[in-house]
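Student: Sequence plus the predicted model coming up.
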Amino acid sequence: MSLYAQLKQRAADGKPIRIGLIGAGKFGSMYLAQVPRTPGVHLAAIADLAPDAARRNLARVGWEPARTDAAGLDDALQRGTTHVGDDWRALVSHPAIDVIVECTGHPVAAVEHCLAAFGNGKHVVNVTVEADAFCGPLLAHRAREAGVVYSLAFGDQPALICDLVDWARTCGFPVTAAGRGHKWLPHFCASTPETVWGYYGLTPEQAVRGGLNPKMFNSFLDGSKPSIESTAVSNATGLAVPGNGLLYPPASVDQIPTVTRPIAEGGVLEKKGMVEVISSLRPDGTPIDYDIRMGVWVTVEGETGYIRNCFEEYNAHTDPTGRYFTLYKRWHLIGLEVGMSVASVALRGEATGVADGWNADVVATAKRDLRVGELLDGEGGYTVWGRLLPAQTSQRIGGLPLGLAHDVKVVRPVKQGQSLTWSDVALDTSTAAYRVRREMESLFGAPQLKTA
């Protein structure tokens, strides 16, 4: 039975999936635009630090004011409307809520929200992939202990990549590589919120019209978000990550199966079974025709002559040897697709991507020389960007996870391009996010040799 059929049945039975949304910014607004068009779901409440801003976003995506005039959660549940407020604790603790959609984009807060939701028996669709990148395996572990489902959000690229990897493996194909596209040149890693729109290809006017956050979009551009999302994919699929960060090989769609082969076979991969990101720009900055900038892909291997003959017979575009084939989606629709995760979690009890090990990490890396006393401002800001590293490498060097590099003070000088360590900053060790990260390292990390 399809998810849509099940949703229609829930609507007919008067038993909708009851959803609570935390955070109604850009991503949340895209999901809100689809909720009135989806049967069998009731968005009972929204918790946002700025309820008035949330209401403005609701109006912007087409909600009538009468839909959001509920005085409280119980009123919303009784009338089938939506309550807008700022009390996320009341939202995650209410017994009628089935699924929490965490959509704040703030990794430290997201961890607290997820843990509280698990503690109250709620499934969680976590849009804040930054939180998953630095402690996703532990969040998944806690969810299983609580008997609930924790999931990456469909529409965001990690869940879409996980879906392609699952397709490949379910069909019997070994996965050679998988990943997403990106507009990338090496100097973008030093981009700041002041330079982002020019690099990104948008005017300031377009950014204002779309309500776009320059710091958030800069986290896409400077390589932080691709590293974060690749970490989530690696931890969910078991695919390995490059030894010293993403390579961003430039390629058009038809070149992906050639580029995403092992080095020994003419590609860029250290070995088979890795995540990578394809750039839509040539090294000289010129755009590549028919790029995968906004999409996702998986490269599989035809292991036998018969399978490779099938590739040829059905005109599947492969590398020159006919061994490697890439399936792709050239676009992703971000928050407009989150309903797939909500339905899958609530109706099938299945995540649309979830970490099952700690394979990869994102380490805060200096955008410029950092002085003692400066405050780090997290991904997309002026001080650090995120480099993807194998988890063992991160643990060995004591790498500071990017997700904790928010509003923390530098206590030792750090040179531009250097990865920060725990010892370089003064962290608040009382936060749930810090404790969860350290617990994850003890549960999933490799034993470390003691040094004198």
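Tutor: On my side now, so go ahead.
Student: which helices and strands does the helix or strand of the chain with the lowest mean pLDDT pack with?
Tutor: When the helices and strands of the chain are scored by mean pLDDT, DSSP states H and E, helix 204-209 comes last with a mean of 84. Other helices and strands packing on helix 204-209, by 3 or more CB pairs under 8 Å, 6 or more residues apart in numbering; DSSP states H and E, are helix 196-200. Using the backbone N, CA and C atoms, a C-beta is placed for each residue, glycine as well.
Student: got the CA coordinates for the helix it packs on in PDB?
Tutor: What follows is helix 196-200, C-alpha atoms only, in PDB (Å, rounded to 0.1, in the frame of the first residue of the first chain):
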ATOM      1  CA  VAL A 196      28.200  34.900  -0.700                       C
ATOM      2  CA  TRP A 197      25.600  36.400  -3.100                       C
ATOM      3  CA  GLY A 198      28.200  37.300  -5.800                       C
ATOM      4  CA  TYR A 199      29.700  33.800  -5.600                       C
ATOM      5  CA  TYR A 200      26.300  32.100  -5.400                       C
END
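Student: list the contacts for the residue nearest the centre of the chain?
Tutor: The geometric centre of the chain, computed from its C-alpha atoms, lies nearest to V129 (CA atoms, centre = their mean), at 3.5 Å. Shown in contact with V129 (CB atoms under 8 Å, 6 or more residues apart in numbering): L152, A153, D156, P158, I228, E229, A232.
Student: Return the distance of the third one relative to V125.
Tutor: The one in question is D156. D156 sits 10 Å away from V125, taking CB to CB, to the nearest Å as the criterion.
Student: okay, and for the stretch 51-200 of the chain, where does confidence drop off?
Tutor: For the stretch 51-200 of the chain, applying pLDDT under 70 flags no range at all.
Student: Now do the helix or strand hosting Q78: which elements does it pack against?
Tutor: Using DSSP states H and E, Q78 sits within helix 73-79. Here helix 73-79 touches strand 41-47, strand 83-85, going by 3+ CB pairs under 8 Å, 6+ apart.
Student: how does it look with 10 Å?
Tutor: Judged by 3 or more CB pairs under 10 Å, 6 or more residues apart in numbering; DSSP states H and E, helix 73-79 is in contact with strand 17-22, strand 41-47, strand 83-85, helix 88-93.
Student: just the angle between whichever helix or strand comes after the second one and strand 17-22, please?
Tutor: Right, the one you point to is strand 41-47. As assigned by DSSP H and E, the chain's next helix or strand after strand 41-47 is helix 51-60. Helix 51-60 and strand 17-22 are oriented at 130 degrees to each other (axes from the mean of the first three to the mean of the last three CA atoms, to 10 degrees).
Student: Can I get helix 51-60 in PDB, CA atoms only?
Tutor: The C-alpha trace of helix 51-60 is given here as PDB (Å, rounded to 0.1, in the frame of the first residue of the first chain):
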ATOM      1  CA  PRO A  51       6.100  33.500  16.600                       C
ATOM      2  CA  ASP A  52       5.200  36.700  14.700                       C
ATOM      3  CA  ALA A  53       7.900  35.900  12.100                       C
ATOM      4  CA  ALA A  54       6.500  32.400  11.800                       C
ATOM      5  CA  ARG A  55       3.000  33.800  11.200                       C
ATOM      6  CA  ARG A  56       4.400  36.100   8.500                       C
ATOM      7  CA  ASN A  57       6.000  33.100   6.800                       C
ATOM      8  CA  LEU A  58       2.700  31.200   7.000                       C
ATOM      9  CA  ALA A  59       1.000  34.100   5.300                       C
ATOM     10  CA  ARG A  60       3.700  34.300   2.700                       C
END
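Student: can you tell me how far V148 sits from D98?
Tutor: 10 Å.
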